Structures are given as structure tokens and as C-alpha cells.
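Student: Sequence plus the predicted model coming up.
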Amino acid sequence: MPSGRIERMDTNSLLRTLPKTDEVLASPRLADTLAATPRVLVLDAVRASVDEVRARLLAGEVADTSADALALAAAGRAALAMQPSLHRVINATGIIVHTNLGRSVLADAAIAAIAEVAASYSTLEYDVDSGERGSRHAHVEALLCRLTGAEAAMAVNNNAAAVMLAIAALSRGREAVVSRGQLVEIGGSFRIPDIMAESGARMVEVGTTNMTHLADYERVIGSETGLLLKVHSSNYRVVGFTEEVSLAELVELGERRGVPVMEDQGSGVLFDLRPYGLPFEPTLSESIAAGVSVVTASGDKLLGGPQAGLLLGRADIIARLKAHPMARAVRLDKMTLAALEATLRISLDEERALREVPTLRMLTMPQSEIRVRAEALAGRIRDAVGDEASVDVIDEIARAGGGSLPLAEIPTAVVAVASQSTATATIVALLRCGSPAIVARVKEDRVLLDPRTLLSPAEEDAVVARLVAVLGG
């Protein structure tokens, strides 16, 4: 009899030893898993484990076909299935508003506000004084107006939604005029021309990429013009031979020709950050003071709150936005409103905001303070890993991130780690693979750890412990 026939018979015999699903589920090794995990996930894990062993047998490999072995494999699969996909990460990159890592970290007061409304019923759309239906806009409108000087305000689920809502309400079926130098794309393929198209406005481009004059706008204004739009360039800058029309000039033109002016400011900054060594960034109150009809901004960039889109401006304009059908589709949920309200209340006091809002605290922390923390962290790492790695403190640059303050080079101090025995790529990969994941930068074949974005001593402890695990010591 040919040898191939014998192997086929042996494989078939082994396949017949595979236990049924119910036998694996009955294994004592799955008892704890079944008690703590939805049965449907355990069942999927058992089937996947049996399928894996069947595939190995068919490939001629050796595999344990016992019910206990399959139960143990299924328990591991079920445990992985129960782990949340969205989970905590330690940010050691020095990028403060890190879009990929969730942008701004919330203040303690904002976290507490979320927990309170999440665990109970709330006044989301209820007026306790009158006993009648209330408006969810009321929770943040007065605060936004007080902080910026706007006549009225509202908040939606992000700044892209704010821009789309404003253009749709003010210029659907009409022309929206914008400079070619402001037709930007930012993260996630957010493109101004695409937003214009989805909003139903007909985009009219004026000027050139680097030069736009007031006369360019004036020439195209006609009976079909619904809006003059000014867009913050976010993480994009044209430098050199450039000119753009100021917001004040655009507002004066809009008032003279009876056309609303909208500014997409983007960053949502409330305070002048120049005293803290950061570049000039127009504040929301400056846009309002310039007379803009409506200004839009993010709540989770330099404001330091949750993901939200802010719309502030003239009372008649904001009333139109609130009444627009799209407003319901992009409204905020109760937890985001609670976090935003708490962040805005903190922001009534600038000193308190700089102290309690993590984004602002990290942005304005002086390099001297960071260096002290970096030296202490480096010393702990040296003591822990010994000769397994070289550990130095070097001057570096941190970034605001999230498309905010794109030209800002924030002086910082980082811990630079390199190993002769473990590749740098391996170190950063293993840092990411632990729980919680630790995300670091690599430069010149060294792992850079920036204390500026490490939020607590506990996170520094985790960094040291993980490096010990990765490098030995």
C-alpha cells in the first residue's frame, strides 16, 4: 500500500478524535470562563480552537486533540475577545493633542461630570424650574457667550459637523466664497471643498494659493453670494511671498455688501498663549470682537475639552443653525455636554484652567520643570536596567498636535534609550504590546520618552517597569 494512503488514513483517524463542541464546553478548564464570559463568545472560541487544530492535522502537524487542551485554547481566545478595543494608552511621545491617541485628556472635573450624568437621569432636555421641556443648548451656551463675548452659541459633535451645519444653513443652493489658499485638507481626509459640496453650497474660489486680496472677494460678490468663508489653515502654512485678507477686512466687506462672514478657526483657543512662550493663535473672543457672523472651532484641541464643535456668533445666525434639520443629526450627547460644561466652567478662571486642564498644563509647562522630571526618570531607568541600555537626557521639541499651533516648537527634555542587544524597533514594539500600551518616539535609532505627556507618577512607574521587562535588569 502506498505511503501516502497510510498518512491519509492516519490523519482521518486523528480527525475522528476531535471532541464535539459540547465535550469541550463541559471541560472543567472552561468553567471559570463560562461564568465570566457571554456563552456566545465562549462557543465561538471553542469552534475556532477546534478549527485551528483540524487545520494543523490536515497540514500534517502534531496537535493535542483532547477536550482539555482545546478548552484551554478556547479560554485564551475568549479572554482576548473580552478585552476592549478602545483602551488606555500611555503617551510618551511629547505630542500633546495627539489625534490618534484621543486628542485632549479631560480635566478631573470633566471626568466627574461624565460619571454623574452617565450613572443617573439628568436635565439634558428638562427645565426643573418650569417642569417643561428644556433645550440641550442651554447647558453650554451662556458659558460660551461669557467666555467669548458672543451673542449666542451652540455645540455639536465635532468641528467638521459645525462647519457643515453653518455652510448648509447659510449658503445651501447659493455661493460660498473662499480663498484658494484656504482650501485645506487636514487629518482624516477632511477637505474644505468636500464639506462645501456636502453642505449644498456652490464654492467660489478667489485669489491664488499664496496671494488673496480684498478685491478678489469684492469682484465675485453678487446676488447669489450666501457666505464669505475664512478657514484656519490648521497644520498647513504657506510662507514667503504671501498675502491674505484679515478677518476684520472681510467682516467690513460683508457688512457693506450684506453677506454673512464665517470663520472656521479650528483650535478653539480661549486664552492668549504668547506669555507662555507659544506662538500667536487668534482666540475665539478676538474673532467675535472682529464682528464675524459665526465662528466655528473644536472643543478638544486648545480648549482642552471633549470632542465637540463650537458655533458662536450673532444671535440671529445661531438661531438659524439651531433650527436647521441637520442640527439634530449632529447634536451632542449628555456625557459630552457634561464634560464640555465642566471644562468651560474651569476656563472662566485662566490660572485655574492652566493648572487643571491637562492640555493647557502640558502646553505651558516650562522646559526646566520637564528637565527635572526627565533626569529623575532617566535615573530610575538606569538603576533598573543597568548595562542593558544607554540612558541619556537630551533637549528635544514637543508638539501641540491635532493641527493646533503647527509652527510651535515647544522646548522639552526627553529620556533617550538605546540598547546594543535589542533593536530600537523591537523596544518600541514591545512597549506598545504591553498593558497599558506605551507609545514612544524614535529618533536617530534611540527611543525617546517625553515626560511632558506622561500624566502621573504611576505612568512613569509603568514606563520603568516595561523597560525592565523589555531590556532585562
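Tutor: The structure has been received and is ready for your questions. Numbers count the residues shown, from 1 in each chain.
Student: only C-alpha atoms for contact and neighbour calcs from this point on.
Tutor: Will do.
Student: list the contacts for the residue nearest to residue 193 when sequence neighbours are not counted?
Tutor: Spatial nearest neighbour of residue 193, excluding adjacent residues (CA to CA, 6 or more residues apart in numbering): residue 183 at 6.6 Å. Going by CA atoms under 8 Å, 6 or more residues apart in numbering, residue 183 touches 191, 192, 193, 231.
Student: What's the separation between residue 183 and residue 19?
Tutor: The gap separating residue 183 from residue 19 is 62 Å, by CA to CA, to the nearest Å.
Student: got a list of what residue 49 touches?
Tutor: Residues in contact with residue 49 (CA under 8 Å, 6+ apart) are 70, 73, 74.
Student: Counting neighbours, what do you get for residue 184?
Tutor: 18 (other CA atoms under 10 Å).
Student: was I right about it contacting residue 196?
Tutor: No - in this structure, residue 184 is not within contact of residue 196 by CA atoms under 8 Å, at 12.0 Å.
Student: Would you mind listing the outside residues contacting stretch 440-451?
Tutor: Applying CA under 8 Å, 6+ apart, the external contacts of stretch 440-451 come out as 91-94, 370, 373-374, 412-418, 424, 427-428, 431, 460.
Student: Of all the residues in that stretch, which ones are buried?
Tutor: For stretch 440-451, a neighbour-count test (16 or more other CA atoms under 10 Å) marks 440, 441, 442, 446, 447, 448, 449, 450, 451 as buried.
Student: quick one: which of those residues is nearest to residue 464?
Tutor: residue 449 (10.7 Å; CA to CA).
Student: and the nearest residue to residue 464 once chain neighbours are set aside, what does it touch?
Tutor: Spatial nearest neighbour of residue 464, chain neighbours left out: residue 381 (5.7 Å); criterion: CA to CA, 6+ apart. Counting by CA under 8 Å, 6+ apart, residue 381 makes contact with 391, 464, 467, 468.
Student: Kindly provide the distance from the last one to residue 388.
Tutor: Residue 468 sits at a distance of 9 Å from residue 388 (criterion: CA to CA).
Student: what do you get for the third one?
Tutor: According to CA to CA, residue 467 and residue 388 sit 10 Å apart.
Student: and if you look at the second one?
Tutor: Residue 464 sits 13 Å away from residue 388 when distances are taken as CA to CA.
Student: And the helix or strand where residue 343 lies, what does it pack against?
Tutor: Secondary structure assigned from DSSP states H and E places residue 343 in helix 334-346. Packed against helix 334-346, as judged by 3 or more CA pairs under 8 Å, 6 or more residues apart in numbering; DSSP states H and E, are the following elements: helix 108-118, helix 138-148, helix 350-356.
Student: Please identify the most buried of these.
Tutor: With neighbours taken as mean count of other CA atoms under 10 Å, the helices and strands packed on helix 334-346 reach their highest mean count in helix 138-148, at a mean of 19.
Student: Mean confidence (pLDDT) on the next helix or strand after it, please.
Tutor: Once helix 138-148 ends, the next helix or strand along the chain (criterion: DSSP H and E) is strand 152-156. Taken as a whole, strand 152-156 carries a mean pLDDT of 98.
Student: Also stretch 129-149?
Tutor: 95.
Student: end to end, how far does that stretch reach?
Tutor: End to end - CA to CA - stretch 129-149 spans 27 Å.
Student: and for that stretch, what are the contacting residues?
Tutor: With CA under 8 Å, 6+ apart as the test, stretch 129-149 has contacts from 123-127, 150-155, 270, 284-286, 288-289, 312, 337, 340-341, 344-345, 347-348.
Student: ok now it, how far from the chain's centre?
Tutor: 26 Å (CA atoms, centre = their mean, to the nearest Å).
Student: again, but for stretch 371-378
Tutor: The answer for stretch 371-378 is 27 Å, by CA atoms, centre = their mean.
Student: Buried residues, it. List them.
Tutor: Buried residues in stretch 371-378 (16+ other CA under 10 Å): 371, 373, 374, 375, 377, 378.
Student: And the second one, how far from residue 211?
Tutor: According to CA to CA, residue 373 and residue 211 sit 45 Å apart.
Student: Take stretch 71-86, keep the C-alpha atoms, and write them as PDB.
Tutor: Output of stretch 71-86 as PDB, limited to C-alpha atoms (Å, rounded to 0.1, in the frame of the first residue of the first chain):
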ATOM      1  CA  ALA A  71     -10.800  24.100  26.300                       C
ATOM      2  CA  LEU A  72      -7.600  25.800  27.500                       C
ATOM      3  CA  ALA A  73      -7.000  27.300  24.000                       C
ATOM      4  CA  ALA A  74     -10.700  28.400  23.900                       C
ATOM      5  CA  ALA A  75     -10.300  30.100  27.300                       C
ATOM      6  CA  GLY A  76      -7.500  32.200  26.000                       C
ATOM      7  CA  ARG A  77      -9.400  33.100  22.900                       C
ATOM      8  CA  ALA A  78     -12.500  34.100  24.900                       C
ATOM      9  CA  ALA A  79     -10.300  36.300  27.200                       C
ATOM     10  CA  LEU A  80      -8.900  38.100  24.200                       C
ATOM     11  CA  ALA A  81     -12.400  38.600  22.800                       C
ATOM     12  CA  MET A  82     -13.500  40.300  26.100                       C
ATOM     13  CA  GLN A  83     -10.700  42.800  26.000                       C
ATOM     14  CA  PRO A  84     -12.000  46.200  24.900                       C
ATOM     15  CA  SER A  85     -10.800  47.500  21.600                       C
ATOM     16  CA  LEU A  86     -10.700  51.100  22.900                       C
END
